[in-house]
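Undergrad: Fold the following.
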Amino acid sequence: MIKVMFLCTANSCRSQMAEGFAWEFGKGIIEVHSAGLMAAGVHRRAAAVMKEAGIDISKQKSKEIDENLLKQMDIIVTLCVNAEEYCPRTPPGITRIHWPIRDPVGTLGSEEMIMRDFRRARNEIREKVEGLIKDISCKTFNL
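TA: Reported below is the predicted structural model:
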């Protein structure tokens, strides 16, 4: 089984959504982890938009990066500039991918506008996770 870790700044939104989609779509194919440069809890709006997609991430835990666990991964996916820049150096032999998904947490405006931006991030992440799992399952992903 391929081990994948999704990283972002606070492990509260983007990496949590990616973890949720990966668990759902990658059953039997990948072992999924997520972490952040800090742990800030699962964002309530991230949980809400994932629930709209039929995936419950409300019980997932926000975690800081564990460098020992990081070394066990086959693939590390960063979902923000902070994680890409400040994440510990990727050990040799581990594939690193960067998905620059804009953070919806800082969105200003009405609740409707904010939720629209969370849905945008969710949809971008879903598409990328589905593509990654397809590549892994079709063995078109080079590890």
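Undergrad: elements contacting the least confident helix or strand in the chain by mean pLDDT?
TA: Among the helical and strand segments of the chain, the one scoring lowest on mean pLDDT, DSSP states H and E is helix 81-86, with a mean of 72. Helix 81-86 sits against strand 2-8, with contacts defined as 3 or more Cβ pairs under 8 Å, 6 or more residues apart in numbering; DSSP states H and E. From N, CA and C alone the C-beta is placed, and that goes for glycine too.
Undergrad: how about the strands in this protein?
TA: For the chain, the strands defined by DSSP state E cover 2-8, 30-36, 75-78, 95-98.
Undergrad: Relative to K139, which of these is closest?
TA: K139 lies closest to strand 2-8 among these, at 10.4 Å (Cβ to Cβ).
Undergrad: Can you give the distance of the closest one from its chain's centre?
TA: Averaging C-alpha positions (Cα atoms, centre = their mean, to the nearest Å) puts strand 2-8 7 Å from its chain's average.
Undergrad: before we move on, what about stretch 92-106?
TA: With Cα atoms, centre = their mean, you get 8 Å for stretch 92-106.
Undergrad: quick one: buried residues of it?
TA: Across stretch 92-106, burial judged by 16 or more other Cβ atoms under 10 Å covers 94, 99, 101, 103-105.
Undergrad: Of those, just say which sits nearest to K51.
TA: P104 (15.5 Å).
Undergrad: how near is S15 to G36?
TA: 6 Å (Cβ to Cβ, to the nearest Å).
Undergrad: And the two? Which one has more around it.
TA: Under the neighbour definition other Cβ atoms under 10 Å, S15 and G36 were set side by side, and S15 has more, 30 against 26.
Undergrad: Next one, pLDDT for the more buried one please.
TA: The model reports S15 with a pLDDT of 96.
Undergrad: Tell me the helices and strands packed up against the longest helix seen in the chain.
TA: For the chain, the longest helix by residue count, based on DSSP state H, is helix 111-137. In terms of contacts (3+ Cβ pairs under 8 Å, 6+ apart), helix 111-137 is packed against helix 14-25, helix 44-52.
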